[in-house]
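Student: this one's sequence-less:
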(Lines give C-alpha, C1' and ligand atoms only; values in the text may rest on other atoms or scores of the structure.)
Protein backbone atom coordinates (compact mmCIF):
# COMPACT_ATOMS: atom_id res chain seq x y z
CA UNK A 1 0.00 0.00 0.00
CA UNK A 2 2.81 2.43 0.83
CA UNK A 3 4.40 1.82 -2.57
CA UNK A 4 1.10 2.61 -4.25
CA UNK A 5 0.78 5.89 -2.34
CA UNK A 6 4.42 6.73 -3.12
CA UNK A 7 3.83 5.93 -6.79
CA UNK A 8 0.81 8.23 -6.87
CA UNK A 9 2.69 11.13 -5.27
CA UNK A 10 5.79 10.60 -7.41
CA UNK A 11 3.75 10.35 -10.61
CA UNK A 12 1.80 13.50 -9.83
CA UNK A 13 5.00 15.36 -8.93
CA UNK A 14 6.58 14.40 -12.24
CA UNK A 15 3.44 15.19 -14.27
CA UNK A 16 2.77 18.56 -12.67
CA UNK A 17 6.42 19.58 -12.86
CA UNK A 18 6.28 18.88 -16.59
CA UNK A 19 3.17 21.06 -16.78
CA UNK A 20 5.04 23.85 -14.98
CA UNK A 21 7.59 23.89 -17.78
CA UNK A 22 5.34 23.05 -20.72
CA UNK A 23 2.31 25.30 -20.18
CA UNK A 24 2.47 28.62 -21.97
CA UNK A 25 0.18 30.56 -19.65
CA UNK A 26 2.16 31.58 -16.54
CA UNK A 27 -0.90 31.46 -14.29
CA UNK A 28 -1.63 27.84 -15.26
CA UNK A 29 2.05 27.10 -14.78
CA UNK A 30 1.92 28.55 -11.27
CA UNK A 31 -1.18 26.51 -10.46
CA UNK A 32 0.63 23.38 -11.61
CA UNK A 33 3.49 24.37 -9.33
CA UNK A 34 1.01 24.67 -6.46
CA UNK A 35 -0.32 21.16 -7.08
CA UNK A 36 3.26 19.86 -7.26
CA UNK A 37 4.19 21.51 -3.95
CA UNK A 38 1.18 19.97 -2.22
CA UNK A 39 2.12 16.54 -3.54
CA UNK A 40 5.68 17.00 -2.29
CA UNK A 41 4.19 17.80 1.12
CA UNK A 42 2.14 14.62 0.89
CA UNK A 43 5.30 12.70 0.11
CA UNK A 44 6.90 14.19 3.23
CA UNK A 45 3.91 13.01 5.27
CA UNK A 46 4.37 9.45 3.98
CA UNK A 47 8.01 9.65 5.13
CA UNK A 48 6.82 10.67 8.64
CA UNK A 49 8.29 14.16 8.27
CA UNK A 50 5.24 16.15 9.26
CA UNK A 51 7.21 19.27 10.12
CA UNK A 52 8.76 19.38 6.64
CA UNK A 53 5.32 18.91 5.10
CA UNK A 54 3.95 21.84 7.09
CA UNK A 55 6.92 24.02 6.16
CA UNK A 56 6.52 22.98 2.52
CA UNK A 57 2.89 24.10 2.47
CA UNK A 58 3.34 27.27 4.51
CA UNK A 59 6.57 28.59 3.03
CA UNK A 60 6.59 27.36 -0.56
CA UNK A 61 2.93 26.88 -1.45
CA UNK A 62 1.85 29.78 0.72
CA UNK A 63 4.38 32.56 0.59
CA UNK A 64 6.64 32.01 -2.40
CA UNK A 65 3.91 30.96 -4.81
CA UNK A 66 1.74 33.91 -3.81
CA UNK A 67 4.73 36.19 -4.42
CA UNK A 68 5.26 34.58 -7.83
CA UNK A 69 1.60 35.02 -8.76
CA UNK A 70 1.71 38.63 -7.57
CA UNK A 71 4.67 39.34 -9.86
CA UNK A 72 2.97 37.60 -12.80
CA UNK A 73 -0.21 39.59 -12.28
CA UNK A 74 1.75 42.83 -11.78
CA UNK A 75 3.68 42.36 -15.00
CA UNK A 76 0.50 41.36 -16.83
CA UNK A 77 2.19 38.59 -18.77
CA UNK A 78 -0.39 36.86 -20.94
CA UNK A 79 1.53 33.92 -22.34
CA UNK A 80 4.84 32.98 -23.83
CA UNK A 81 4.47 33.15 -27.61
CA UNK A 82 7.95 31.95 -28.44
CA UNK A 83 8.47 28.50 -29.89
CA UNK A 84 10.33 26.21 -27.56
CA UNK A 85 12.67 24.23 -29.78
CA UNK A 86 14.15 22.23 -26.94
CA UNK A 87 12.01 19.09 -27.31
CA UNK A 88 14.83 17.10 -28.94
CA UNK A 89 17.23 17.97 -26.15
CA UNK A 90 14.59 17.13 -23.55
CA UNK A 91 13.99 13.74 -25.19
CA UNK A 92 17.72 13.09 -25.33
CA UNK A 93 18.07 13.86 -21.60
CA UNK A 94 14.85 12.16 -20.48
CA UNK A 95 15.38 8.85 -22.31
CA UNK A 96 18.25 7.64 -20.08
CA UNK A 97 16.43 8.91 -16.99
CA UNK A 98 13.30 7.00 -17.99
CA UNK A 99 15.32 3.82 -18.56
CA UNK A 100 16.98 4.24 -15.16
CA UNK A 101 13.62 4.79 -13.47
CA UNK A 102 12.24 1.64 -15.08
CA UNK A 103 15.24 -0.35 -13.86
CA UNK A 104 14.84 1.03 -10.34
CA UNK A 105 11.10 0.32 -10.27
CA UNK A 106 11.62 -3.23 -11.49
CA UNK A 107 13.90 -3.85 -8.53
CA UNK A 108 17.07 -4.02 -10.56
CA UNK A 109 16.02 -7.09 -12.51
CA UNK A 110 18.97 -8.69 -14.26
CA UNK A 111 21.56 -6.68 -12.34
CA UNK A 112 23.83 -8.79 -10.17
CA UNK A 113 26.22 -7.52 -7.56
CA UNK A 114 29.22 -9.39 -6.29
CA UNK A 115 30.54 -9.41 -2.76
CA UNK A 116 28.90 -9.58 0.61
CA UNK A 117 25.92 -7.51 1.51
CA UNK A 118 25.62 -5.97 4.95
CA UNK A 119 22.35 -5.48 6.71
CA UNK A 120 22.02 -2.34 8.79
CA UNK A 121 20.21 -2.75 12.07
CA UNK A 122 18.25 0.36 13.04
CA UNK A 123 19.18 1.79 16.40
CA UNK A 124 16.61 2.75 18.99
CA UNK A 125 17.56 6.45 18.71
CA UNK A 126 17.35 6.58 14.90
CA UNK A 127 13.84 8.00 14.70
CA UNK A 128 12.60 10.40 17.32
CA UNK A 129 8.99 9.97 18.35
CA UNK A 130 8.26 13.60 17.55
CA UNK A 131 10.08 15.08 14.56
CA UNK A 132 9.21 18.66 15.42
CA UNK A 133 10.58 18.28 18.93
CA UNK A 134 13.80 16.71 17.64
CA UNK A 135 14.29 19.46 15.05
CA UNK A 136 13.61 22.16 17.64
CA UNK A 137 16.03 20.66 20.18
CA UNK A 138 18.76 20.33 17.57
CA UNK A 139 18.14 23.79 16.13
CA UNK A 140 18.19 25.58 19.47
CA UNK A 141 21.03 23.62 21.06
CA UNK A 142 23.62 22.49 18.54
CA UNK A 143 22.89 25.02 15.81
CA UNK A 144 21.83 28.01 17.92
CA UNK A 145 24.65 30.34 16.84
CA UNK A 146 24.31 29.69 13.05
CA UNK A 147 20.53 30.09 13.43
CA UNK A 148 20.96 33.48 15.10
CA UNK A 149 23.53 34.59 12.50
CA UNK A 150 21.15 33.63 9.69
CA UNK A 151 18.31 35.56 11.34
CA UNK A 152 20.59 38.60 11.75
CA UNK A 153 21.62 38.47 8.08
CA UNK A 154 17.96 38.28 7.05
CA UNK A 155 17.12 41.23 9.30
CA UNK A 156 19.91 43.33 7.77
CA UNK A 157 18.75 42.39 4.25
CA UNK A 158 15.18 43.35 5.10
CA UNK A 159 16.24 46.73 6.53
CA UNK A 160 18.42 47.35 3.46
CA UNK A 161 15.51 46.58 1.13
CA UNK A 162 13.26 48.97 3.05
CA UNK A 163 15.88 51.75 2.93
CA UNK A 164 16.40 51.28 -0.81
CA UNK A 165 12.66 51.23 -1.48
CA UNK A 166 12.11 54.37 0.63
CA UNK A 167 14.85 56.19 -1.22
CA UNK A 168 13.29 55.37 -4.61
CA UNK A 169 9.85 56.46 -3.42
CA UNK A 170 11.27 59.70 -2.00
CA UNK A 171 13.02 60.50 -5.27
CA UNK A 172 9.82 60.02 -7.26
CA UNK A 173 7.68 62.23 -5.00
CA UNK A 174 9.87 65.34 -5.18
CA UNK A 175 8.85 67.28 -8.25
CA UNK A 176 11.43 68.97 -10.36
CA UNK A 177 11.55 72.73 -10.80
CA UNK A 178 8.54 74.08 -12.62
CA UNK A 179 9.45 76.15 -15.61
CA UNK A 180 6.79 78.56 -16.74
CA UNK A 181 6.96 80.16 -20.08
CA UNK A 182 4.79 82.94 -21.28
CA UNK A 183 3.31 82.43 -24.69
CA UNK A 184 2.85 85.64 -26.65
CA UNK A 185 0.76 85.86 -29.69
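Tutor: Yes, it's here. Since we're looking at a predicted model, the values are computed, not measured.
Student: excluding sequence neighbours, find me the nearest residue to residue 54.
Tutor: residue 41 (7.8 Å; C-beta to C-beta, 6 or more residues apart in numbering). Bear in mind the C-beta positions are built from the backbone N, C-alpha and C, glycine included.
Student: so which strand or helix has the one you found?
Tutor: helix 26-46 (DSSP states H and E).
Student: what's near enough to touch the residue nearest the centre of the chain?
Tutor: Centroid-nearest residue in the chain: residue 60, 5.8 Å away (criterion: C-alpha atoms, centre = their mean). If a contact means C-beta atoms under 8 Å, 6 or more residues apart in numbering, then residue 60 has residue 37 as its contacts.
Student: longest helix anywhere in this structure?
Tutor: The longest helix of the chain (DSSP state H) is helix 144-173.
Student: avg pLDDT for that one?
Tutor: Averaging pLDDT along helix 144-173 yields 77.
Student: can you give me how far that helix is from the chain middle?
Tutor: Put simply, helix 144-173 sits 23 Å off its chain's centre (C-alpha atoms, centre = their mean, to the nearest Å).
Student: ok, residue 23 to residue 41 distance?
Tutor: Per C-beta to C-beta, to the nearest Å, residue 23 is found 21 Å from residue 41.
Student: the more surrounded of those two?
Tutor: residue 41 (21 against 17; other C-beta atoms under 10 Å).
Student: number of nearby residues for residue 49?
Tutor: 17.
Student: how close does the nearest residue to it once chain neighbours are set aside sit to residue 8?
Tutor: Residue nearest to residue 49 in three dimensions, not counting chain neighbours: residue 131, with 5.9 Å by C-beta to C-beta, 6+ apart. As judged by C-beta to C-beta, residue 131 and residue 8 stand 23 Å apart.
Student: more neighbours: which of those two?
Tutor: A direct count of neighbours by other C-beta under 10 Å for residue 131 and residue 8 places residue 131 higher, at 17 against 14.
Student: quick one: contacts for that one?
Tutor: 48-52 are the contacts of residue 131 under C-beta under 8 Å, 6+ apart.
Student: count of neighbours near the nearest residue to residue 69 once chain neighbours are set aside?
Tutor: In space, residue 69 comes closest to residue 30 once its chain neighbours are excluded; the distance is 5.3 Å by C-beta to C-beta, 6+ apart. By the criterion of other C-beta under 10 Å, residue 30 has 18 neighbours.
Student: same deal with the one 10 residues further on?
Tutor: Around residue 40 there are 21 other residues, counting by other C-beta under 10 Å.
Student: so it touches residue 56, yeah?
Tutor: Yes. Under the criterion of C-beta atoms under 8 Å, residue 40 makes contact with residue 56 at 5.8 Å.
Student: got any ranges where this structure has weak pLDDT?
Tutor: Residue ranges of the chain with pLDDT under 70: 76-87, 89-90, 108-129, 167-183, 185.
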